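> just a sequence and a predicted model for now, questions to come.
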Amino acid sequence: MAGIYIHIPFCRSRCIYCGFYSTTAIELRQQYVEAVCREMETHPFPLPEGMGIDTIYLGGGTPSQLTMDQLKQLFLYINKVYSLPSIQGGAGGGAEITIEVNPDDVTVEFAAVLQQFGINRVSMGAQTFSDERLKWLHRRHSSHQVAEAIERLRDNGIQNISIDLMYGFPGERLEDWEADIDAALTLNAEHLSAYCLMIEEGTPLYQMMHNGDSPQCVDEELERQMYYMLIDKLEAAGYEHYEISNFARPGYRSRHNSSYWNDTPYIGLGAAAHSYNGHTRSWNVADIHQYIEGMKHGKRIFESEDIEGDTRYNDRLTVALRTREGIDLSILSDHHRHYAIKNARRFINDGLLHITPANHLALTRRGLFVSDMIISELMLV
């Protein structure tokens, strides 16, 4: 089964660290929703024969910046174009349908209508429970609004909630990070994702660092201690560490994100969205004005590439090795399997990789923190 990703690029304000395509041009929301609906109707992305849809993910940006009428319009078109059950009956039936939200957008009214659209999973950007660090990130919400938002969602039947955390802030201490983890655990979310603060070129944070307007982030040793503290505390609390940055209660892995890691096809709708059908990857123009204008004329502005040979091996390796299960060596060609095993040998000897009884090449606990280095050494360039 395949998934649908819909990119909603609108943000009321920009966070200093975010490298995803976004815009503060809120006045374009209705035109954009109409363009996405037109893309669904006029440019259906070809999936393998007989493959249906079982996950839908609204990401951003900030999808919770859409109005209720705009969300309703999107889901009406999803049901119409992709032959899902009606919204009233719960779009997709057993489908996993996720929306990303900011805590301060989750009003009583917002929480009350989500299930009308079939939405049964909410991913919330908490980031930290320090109001000082939230302000530094230019986040709009305060720490107490996270718990309030979760309570509202629970009261309205949402029983699958994920929260995002961030660590590695300038000046952050190990005990500060532990306090954030403990605060997150008190919320009893079904899923947690945690990422070290990255300084991406083109972001305000990158410019701040370049200009010397911000202290440096934590050093590598403290980052390592923070990462393994995260693993230890979440596993002790009953979470499964199923991907480098993701943890879930039993039965609550992100099915949509797992499709990326498991080489499952997906359809991407909206500006900057990517699609993949098992053989070809394409991506829409990362410009909301060009995207809207193109769709007004029934034209999808995009680029694409064929995924085969070494490119397919590199793609598969990059995503699969991030997971607990690792990469299934039996699906690789003889050439790529021999290459992977040959280059993995020194990491196996160093205790950073291992071959499982199921013949998967996977990271060990020690290998998790240096996964980027390991993966780069196994890629074919």
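Sure, I can see it.
> give me the nearest residue to residue 97, chain neighbours excluded.
Spatial nearest neighbour of residue 97, excluding adjacent residues (CB to CB, 6 or more residues apart in numbering): residue 56 at 4.6 Å. For the C-beta atoms, the positions are set from N, CA and C on the backbone; glycine is no exception.
> restricting to C-alpha, output the helix or strand where the one you found lies in CSV.
Here residue 56, judged by DSSP states H and E, is contained in strand 53-60. Taking C-alpha atoms only, strand 53-60 is exported to CSV below (Å, rounded to 0.1, in the frame of the first residue of the first chain):
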residue,chain,number,x,y,z
ILE,A,53,-3.5,4.2,-0.4
ASP,A,54,-3.3,3.5,3.3
THR,A,55,-1.5,6.5,4.8
ILE,A,56,-2.0,10.2,4.3
TYR,A,57,0.3,12.8,5.8
LEU,A,58,-0.2,16.6,5.9
GLY,A,59,3.2,18.1,6.6
GLY,A,60,4.8,21.5,6.4
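> nearest residue to residue 347 in space, please, no chain neighbours.
Residue 347 sits nearest to residue 353 (CB to CB, 6+ apart), 4.2 Å away.
> what number of residues lie near the one you found?
24 (other CB atoms under 10 Å).
> quick check on it: phi, psi?
Dihedral pair for residue 353: phi -130, psi 160, per degrees, to the nearest 10.
> with residue 354 instead?
According to degrees, to the nearest 10, residue 354 has phi -150, psi 160.
> next one: the nearest residue to it once chain neighbours are set aside from residue 109, what distance?
Nearest residue to residue 354, sequence neighbours excluded (CB to CB, 6+ apart): residue 364, at 5.5 Å. Plainly put, residue 364 is 48 Å away from residue 109 if you go by CB to CB, to the nearest Å.
> tell me which of these two has more neighbours.
For residue 364 versus residue 109, the count of surrounding residues by other CB under 10 Å is larger for residue 364: 13 against 9.
> need the contact list for that one.
Residues near residue 364 by CB atoms under 8 Å, 6 or more residues apart in numbering: 351-354.
> let's see if you can find the most crowded of the residues you listed.
Top of these by neighbour count (other CB under 10 Å): residue 353, with 24 neighbours.
> is it true that that one touches residue 363?
Yes. Using CB atoms under 8 Å, residue 353 is in contact with residue 363, at 6.2 Å.
> any shared contact partners between those two?
residue 374.
> sticking with the residue nearest to the spatial centre of the chain, tell me its helix or strand.
Residue closest to the average C-alpha location in the chain (CA atoms, centre = their mean): residue 257, at 6.3 Å. Residue 257 is located in helix 255-261, with elements delineated by DSSP H and E.
> right, and the helix or strand after that helix?
Counting by DSSP H and E, what follows helix 255-261 is strand 266-269.
> need the next SSE after that following strand, C-terminal direction.
That would be, after strand 266-269 and using DSSP H and E, strand 274-276.
> may I have the next helix or strand after that following strand as CSV, with CA atoms only?
Of the helices and strands lying after strand 274-276 in sequence (DSSP H and E), the nearest is strand 280-284. The C-alpha trace of strand 280-284 is given here as CSV (Å, rounded to 0.1, in the frame of the first residue of the first chain):
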residue,chain,number,x,y,z
THR,A,280,11.0,7.2,-10.8
ARG,A,281,11.3,10.0,-8.3
SER,A,282,9.9,13.5,-9.0
TRP,A,283,9.7,16.7,-7.1
ASN,A,284,7.4,19.7,-7.6
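> hey, what's the residue nearest to residue 97 bridged with?
residue 4, residue 97 (DSSP bridges).
> relative to residue 343, how far out is it?
From residue 56 to residue 343 the distance is 38 Å (CB to CB).
> more neighbours: the two, which one.
For residue 56 versus residue 343, the count of surrounding residues by other CB under 10 Å is larger for residue 56: 28 against 15.
> quick one: the more buried one from residue 40, how far?
Applying CB to CB, the value for residue 56 to residue 40 is 12 Å.
> shared neighbours of these two, anything?
residue 78.
> can you give me the helices for the stretch 151-300 of the chain?
Counting by DSSP state H, counting those that start in this stretch, the stretch 151-300 of the chain has helices at residues 174-185, 204-210, 220-236, 255-261, 288-296.
> quickly compare these and say which is most buried.
For those, the largest average neighbour count (mean count of other CB atoms under 10 Å) is found in helix 255-261, namely a mean of 20.
> which strands or helices does it pack on?
strand 2-8, strand 53-60, strand 96-101, strand 240-243, helix 309-320 (3 or more CB pairs under 8 Å, 6 or more residues apart in numbering; DSSP states H and E).
> among these, which is nearest residue 138?
In this view, these are compared for proximity to residue 138 by CB to CB, and strand 53-60 is the closest at 15.4 Å.
> remind me what that closest one packs against, helices and strands.
So strand 53-60, by 3+ CB pairs under 8 Å, 6+ apart, packs with strand 2-8, helix 68-82, strand 96-101, helix 255-261.
> now do 7 Å
Packing partners of strand 53-60 (3 or more CB pairs under 7 Å, 6 or more residues apart in numbering; DSSP states H and E): strand 2-8, strand 96-101, helix 255-261.
> want to throw those into TSV with distance to residue 217?
Listed next are the helices and strands packed on strand 53-60 as TSV, based on distance: least, CB to CB, whole Å:
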stretch	distance to residue 217
strand 2-8	28
strand 96-101	24
helix 255-261	25
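> who are the contact partners of the residue nearest to residue 25 when sequence neighbours are not counted?
Using CB to CB, 6+ apart and skipping residues adjacent in sequence, the residue nearest residue 25 is residue 288, 6.7 Å away. By CB atoms under 7 Å, 6 or more residues apart in numbering, the contact list for residue 288 reads 9, 23, 25, 28, 32, 271.
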